[in-house]
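Engineer: structure for the following, please:
(4 chains, ligands or ions: 4)
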Amino acid sequence: MTETLKMIEADGSAPSFNGALDDKALVYCYRTMLMVRAFDDICMKLQRSGRIGFSIPNKGVEATQVGAASALRSTDFFFPSYRDFGMALHHGAEPVEMMHNMFGNASDSARGRQMPVHFSFTKPLRFFSISSPIGTHLPQAVGAAFASQAQGKDDVSLASFGDGGTSSTGFHSALNMAGVWKAPVIFLCQNNGWAISLPSSGQTASDGYAIKAKAYGMPGVTVDGNDLLAVNRAVSEAAERARAGEGPTLIEAFTYRMGGHSTSDDPTKYVPAEELEKWAKKDPVLRMQRFLAQRGLWDEALEETLQAECAAEVAAAAKEAQATPGPTLETIFSDVYETLPNHLRRQGEQAFDLAARKGDADAGGGAFPL
Amino acid sequence: MTETLKMIEADGSAPSFNGALDDKALVYCYRTMLMVRAFDDICMKLQRSGRIGFSIPNKGVEATQVGAASALRSTDFFFPSYRDFGMALHHGAEPVEMMHNMFGNASDSARGRQMPVHFSFTKPLRFFSISSPIGTHLPQAVGAAFASQAQGKDDVSLASFGDGGTSSTGFHSALNMAGVWKAPVIFLCQNNGWAISLPSSGQTASDGYAIKAKAYGMPGVTVDGNDLLAVNRAVSEAAERARAGEGPTLIEAFTYRMGGHSTSDDPTKYVPAEELEKWAKKDPVLRMQRFLAQRGLWDEALEETLQAECAAEVAAAAKEAQATPGPTLETIFSDVYETLPNHLRRQGEQAFDLAARKGDADAGGGAFPL
Amino acid sequence: MAILTLLQAVNDALHTKMRDDERVTVFGEDVGPKGGVFLATEGLTREFGERRCFDTPLSEDGIVGAAVGMAVNGLLPVCEIQFQDFIFPAFDQIVSEAAKLRYRSGGQYTAPMVIRTPYGGGIRGGLYHSQSGEAYFAHTPGLKVVIPSTPYDAKGLLIAAIEDPDPVLFLEPKALYRSLKGEVPEGSYTVDLSTVRTAREGSDVTVFCYGAMVPVCEKAAATAAEGGIETHVVDLRTLLPLDEEAVLDAAKRTGRVVVVHEAPRFCGYGAEISALIAENAIEYMEAPVRRVTGFDTPFPNTLEHHYMPDERRVLDAIEGVASF
Amino acid sequence: MAILTLLQAVNDALHTKMRDDERVTVFGEDVGPKGGVFLATEGLTREFGERRCFDTPLSEDGIVGAAVGMAVNGLLPVCEIQFQDFIFPAFDQIVSEAAKLRYRSGGQYTAPMVIRTPYGGGIRGGLYHSQSGEAYFAHTPGLKVVIPSTPYDAKGLLIAAIEDPDPVLFLEPKALYRSLKGEVPEGSYTVDLSTVRTAREGSDVTVFCYGAMVPVCEKAAATAAEGGIETHVVDLRTLLPLDEEAVLDAAKRTGRVVVVHEAPRFCGYGAEISALIAENAIEYMEAPVRRVTGFDTPFPNTLEHHYMPDERRVLDAIEGVASF
Ligand SMILES: Cc1ncc(C[n+]2csc(CCOP(=O)(O)OP(=O)(O)O)c2C)c(N)n1
Ligand SMILES: Cc1ncc(C[n+]2csc(CCOP(=O)(O)OP(=O)(O)O)c2C)c(N)n1
Ligand SMILES: [Mg+2]
Ligand SMILES: [Mg+2]
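Structural biologist: Residues are numbered from 1 along each chain as shown, chains lettered A, B, ... in the order given. Ligands and ions are numbered 1, 2, ... in the order given. Here you go, the predicted structure:
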């Protein structure tokens, strides 16, 4: 395995930190991590109580998400995985908008069409619509990066994916093309130890994941994914190279999924307890907290304030989302094409008609309104 | 690029040759190379004169094919590309059987269903049915290798493909799984400089192709593909490792396609003349000839005999194949499933009926015989 | 006889065939120690060891490609695609390779293999955990496409699929995995591929359906009967090759036909049923051939119950053709 | 007006749109200096430079995936898949991504892009250079599927496809590339997507067809006319979304329908046409709705002329329904 970039020691000291993030930014990063955790927590509760159907926990991987986001601009193009909403929060996405997605309601930007955790934002950042198939967003990130460059912009694309994602078709197509095109794209592999129940050692026989960069003629970097400063530095350097026209980079962030794959998964069936304990000691939030404390930027009071703020914000978001009605019947038929084709109009009208005749469906104003 | 294994010098000397192939085997290899060339030549002529529709020339890559074949047993499982029939010839496939395929006639093992050059043999060697989509045979080779091992056999699979093939989906899936499974498979990448009109430098940004092995945790070897002994050695070593349970190997054979991609292609449109000249000097057949001459195994008389033998054999094969009638109508409907389903039986009957009523098709005995 | 869920019947079939025939090899994502995300392969690694039931890297192309290679070299692979929605990276291996191998090699090489995968809606899975892609595969000569709708059939058809000399796509209606129970004999038995099942006899209207739509249609038929309409419900179960004679007989029997599936309508499997009738039995038809299907949109999440045909919609169509 | 082949019309459309709109970006395997294996992109790299027309590595998944990314970020990608037979590695990107992006993001992200690819038989291409996969794509909501059959339409439809806000699969009948010539206006013009074209007027029998089958059906219609049967030939040309009203009108006009395509019959596109009629116009039908199609087998090589519907087969069907 290539050498691992690490900046924050277990005690919180970070001798090699060069001030790339100022004090305000550092605290803001920490706040985003807490916000991710708060959002996660409330979603777990909402799921357990049957208010939402599904969620995907982020515990353990917050430093990678937030570290990467903190290295990029909101004009850069984020191609996230389902475990990356911290990136959106960091650039100002509203928890309430995310909650609308978790509830799949009428205010959800995707009109409740997607499963929970499949977010999509065009502002305040370009956070590409998440889809469930693994790896498909990687070649898309390359195309978007190519397009930025072709239009003379210096925006980069970030493609974020898991250790499992490296085995997908999209990984190979994307890295190969990005290499040939010298596209301004950053491939962030979050090796969080697992792909559902498959340990990352069973995913590939290669010596780590960063080394896969060699197959595509690009630099490969391994970074301690539980170390926000290290991730920030690796992504910043990759972004600089990309903006300078020097092409793509593959970054492996070595981290750990501290919960189940999703709320549908029971990890106790296959995750060794010792392994979990070992990683619990490396908790990325605690690590960042210690670093901030060492710099005099953190104390219990701050912690309480931040926690309270985050908890209040996500609770308010959940409350609002829960009170928002579900999507109307017409949303089944819209957004398939820009213009509603006749056959879909007819299908919609029939659905409305049936609802009017036989009930059991919200027919809105009665006429199919599209 | 990794260091290139080379054994035969330009003058024909091969100081590192250890006698892995005995004299008879060496001459036999040379003969296969001549046979490949003879088969190629006659196919080009048959195509130009409109007797067959298509062919794929092998000029320039004979040493790679034959060198690889000479390192393996006929019980090993060959997963070839369309440019690999020299492997079959080397293990005793009959030119006439190949010619039946070139003509797509009734004696073709595939009943004229495939395009020319898409061979398939189950004896005297296991030469897997070639299909046109690039790269699909790679994961199949891994599965077959897994199966050999699971059944306690020490046969290996050879998957052969081009530089273009490394960009395919199958390449990635296959090498990754083979690495994880430690499957007894040899990946032979024939880097012949081109993928139709794309130079191999445009196919990937990696430093050569052998280095891609690192992405999959297997050894990668670069070998002079115009040097039969070197290819034989590289493949022999990989086969030994595979049989010993040590897993897969990726071999890059660095060679050159000295003709067009196929008879449909005009390479003068995109191949620089200097490049072709440079490689013409490295002609693999001449190289082998010089080596044999140095060992006292070759003289003009032998050359004449072999050339005459090969030419006669392929000419006879072409004559026989040309005289063989085309496949009968029923071959459209057979071999879709082991048992003909009713809907296909009906479609066949209708085709026979129409042919009987309106002519213009060979209806055989009149009744649909399947 | 044991009373099993459809999921248990699948699991039972795998156990049974793995005991019978050591060539049977099960693999896919999370099918090993975890037993599959739906637990269809639970217990197999424990009983048969890692060589015969194991996890793979996240590569559907690799899974199906390797299955083809195993099949041509003496094993009987039964691979799992975690959700049918994720089968598309393997589309090339299925459509170009498995399905065409026998033909293109003149029978020299064949691919006796099974691809199992849960399909369909009903679990709030949204666009990518709910799709019904049977039409993509039923349009592919060389493949067989099977969808069980009862525990008995699930076991018998899966065993038949494993024993079949050609590649079989075995689509499991995930909505019925746990909701449906039924009698399942112990030991090995098969249900012939290319046969339909009459789920209910009736003389007024014929309904063709499969998978998770079968219980929906049965319910609609029961309600219709209260209103005096006797509905004949046919579970197609082997979509390719289809028992076309049986379909035409059932259609002619009533002259009034409704075809039901979850997948989008346009170019869906139901179109083939309508087309068969329009070509071979149109003179028997006393009403338009109606389709009740998913809409021609991607599969939505919150409103999936509006998207999937329900008793209400099927009944409306039955009444419609009955009174035409 | 210039007289161009269908191939030249495609090339002309690309030149025209690339001149008009610098966002248009053409790429694929061998489309650059070589100009594509059929020469559809000839001259583009020369005129517009390597940034706007270029070769890619051998990766259909990468080509289509990158096209989606370009489309969401300001370009108008027009990528080529060398043969439709090789589109399957990109199936996931097309079906799961391009087609569903607008829906799943509530219109926040869209993929205005074109995938051009030659399809169909007639060049002795065997299993893998001859396929007609339109039904796989026409079953995919969110996609548009277009097949021209004349040089005029080829240019006008391709320009419309490039200007369309949604992803369009543009299938080019390779059998007609050079065999068919026709008048093609200079400069930019569009042919509306979702419209059919009446290729011949007639009152006895209606034939629905598209792509390379159109001239075959026209010939059969001409021969039928000699025997006193007047055939109405409809070139469907935009398979999805389909102008269903026009199809039903044309079917009702004669009450006798033949549907023709090269692809295998089972679950082929023709089934949808039959199903539409069986559902909405069955009472107008005076004969069975017949399909003349490729057989339900892979595409053979030597016998391709027996596999593809020819004048003989179409005529037989026309006569069959006319005399029913
Ligand atoms: C193509 C595809 N195959 C299978 C799945 C089912 N699946 C969802 S997540 C997952 C594991 C992903 O692991 P990894 O990439 O490491 O990401 P992580 O969940 O660890 O963040 C699998 C197999 C899928 N979504 N897409
Ligand atoms: C999946 C796929 N895409 C495209 C093609 C068309 N095609 C045939 S050969 C070829 C180039 C192959 O190059 P390479 O792998 O280097 O093999 P070579 O012909 O040089 O031996 C291409 C693009 C194909 N057959 N399959
Ligand atoms: Mg992971
Ligand atoms: Mg090559």
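
Engineer: next up, the contacts around the residue of the stretch 101-250 of chain C found nearest chain D.
Structural biologist: Closest approach between the stretch 101-250 of chain C and chain D, counting by CB to the nearest CB: C:His139, at 3.9 Å. C-betas here are computed from N, CA, C, even on glycine. With contact set as CB atoms under 8 Å, 6 or more residues apart in numbering or on different chains, C:His139 has these partners: D:Ala135, D:Tyr136, D:Ala263, D:Pro264, D:Phe266, D:Cys267, D:Gly268.

Engineer: ok, the third one touching D:Phe295?
Structural biologist: This points to D:Ala263. No. Applying CB atoms under 8 Å as the test, D:Ala263 and D:Phe295 come out as separate, 10.2 Å apart.

Engineer: if I look at residue 157, what pLDDT would I see?
Structural biologist: Using chain A here. As predicted, A:Ser157 sits at a pLDDT of 98.

Engineer: looking at chain C here, not the other one
Structural biologist: Reading off the confidence values, C:Leu157 has pLDDT 98.

Engineer: next: C:Ile3.
Structural biologist: 97.

Engineer: for the residue of the stretch 251-370 of chain A found nearest ligand 4, report the pLDDT, please.
Structural biologist: Ligand 4 sits closest to A:Glu252 of the stretch 251-370 of chain A, with a gap of 31.0 Å, by CB to the ion. pLDDT recorded at A:Glu252 is 98.

Engineer: other SSEs contacting the strand or helix carrying it?
Structural biologist: In the assignment (DSSP states H and E), A:Glu252 maps to strand A:249-254. Contacts defined by 3 or more CB pairs under 8 Å, 6 or more residues apart in numbering or on different chains; DSSP states H and E place strand A:249-254 against helix A:62-69, strand A:185-191, strand A:220-224, helix A:228-243.

Engineer: the longest one and chain D in contact?
Structural biologist: No. Between helix A:228-243 and chain D, judged by CB under 8 Å from any CB of the partner chain, nothing touches; the nearest distance is 14.5 Å.

Engineer: and that helix with chain B, contact?
Structural biologist: No. Residues of helix A:228-243 are not located near chain B by CB under 8 Å from any CB, the shortest gap being 13.9 Å.

Engineer: tell me the gap between that helix and the middle of its chain.
Structural biologist: Counting by CA atoms, centre = their mean, to the nearest Å, helix A:228-243 is centred 17 Å from the centre of its parent chain.

Engineer: pretty sure the residue of the stretch 251-370 of chain A closest to ligand 4 sits against A:Ala210.
Structural biologist: Yes. Taking CB under 8 Å as the definition, A:Glu252 is a contact partner of A:Ala210 at 4.0 Å.

Engineer: who does the residue of the stretch 251-370 of chain A closest to ligand 4 bridge with?
Structural biologist: Assessed by DSSP bridges, A:Glu252 has beta-bridge partners A:Cys189, A:Thr222.

Engineer: about what we covered before: dump the C-alpha coordinates for the strand holding A:Glu252 into CSV.
Structural biologist: Extracted in CSV, the C-alpha atoms of strand A:249-254 (Å, rounded to 0.1, in the frame of the first residue of the first chain):
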residue,chain,number,x,y,z
THR,A,249,-6.0,11.9,-9.3
LEU,A,250,-7.2,8.9,-7.5
ILE,A,251,-7.4,9.3,-3.7
GLU,A,252,-8.0,6.4,-1.4
ALA,A,253,-9.4,7.6,1.9
PHE,A,254,-8.9,4.9,4.4
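
Engineer: ok, how many other residues are close to C:Ile123?
Structural biologist: By the criterion of other CB atoms under 10 Å in any protein chain shown, C:Ile123 has 19 neighbours.

Engineer: same deal with C:Asp192?
Structural biologist: Using other CB under 10 Å, C:Asp192 is surrounded by 11 other residues.

Engineer: which SS state does it fall under?
Structural biologist: Secondary structure state of C:Asp192, per DSSP: H, G, I helix; E, B strand; the rest coil, is coil.

Engineer: nearest to D:Asp310, of the helices and strands packed on strand A:249-254?
Structural biologist: The closest of the helices and strands packed on strand A:249-254 to D:Asp310 is strand A:185-191. By CB to CB, the value is 50.1 Å.

Engineer: roughly how far apart are the spatially most central residue of chain A and D:Pro165?
Structural biologist: Against the mean C-alpha coordinate of chain A, by CA atoms, centre = their mean, the closest residue is A:Asp84 at 1.1 Å. Distance from A:Asp84 to D:Pro165, counting by CB to CB, to the nearest Å: 28 Å.

Engineer: next one, pLDDT for the residue nearest to C:Thr195 when sequence neighbours are not counted please.
Structural biologist: Nearest non-adjacent residue to C:Thr195, counting by CB to CB, 6 or more residues apart in numbering or on different chains: C:Asp243, 5.4 Å away. Looking at C:Asp243, its pLDDT reads 98.

Engineer: again with C:Gly107
Structural biologist: As predicted, C:Gly107 sits at a pLDDT of 98.

Engineer: excluding its backbone neighbours, what's nearest it?
Structural biologist: Closest residue to C:Gly107 apart from its sequence neighbours, by CB to CB, 6+ apart: B:Asp335 at 5.0 Å.

Engineer: try C:Gln84
Structural biologist: Of all residues not flanking C:Gln84 in the chain, C:Tyr119 sits nearest, at 3.9 Å (CB to CB, 6+ apart).

Engineer: do stretch C:16-36 and chain D meet at all?
Structural biologist: No. Contact of stretch C:16-36 with chain D (CB under 8 Å from any CB) is absent, the minimum separation being 15.5 Å.

Engineer: quick one: mean pLDDT for that stretch?
Structural biologist: 97.

Engineer: do stretch A:184-196 as well
Structural biologist: The average pLDDT within stretch A:184-196 is 98.

Engineer: next: stretch C:200-217.
Structural biologist: Averaging pLDDT along stretch C:200-217 gives 98.

Engineer: do it and chain A meet at all?
Structural biologist: No. Judged by CB under 8 Å from any CB, stretch C:200-217 makes no contact with chain A; its nearest approach is 13.9 Å.
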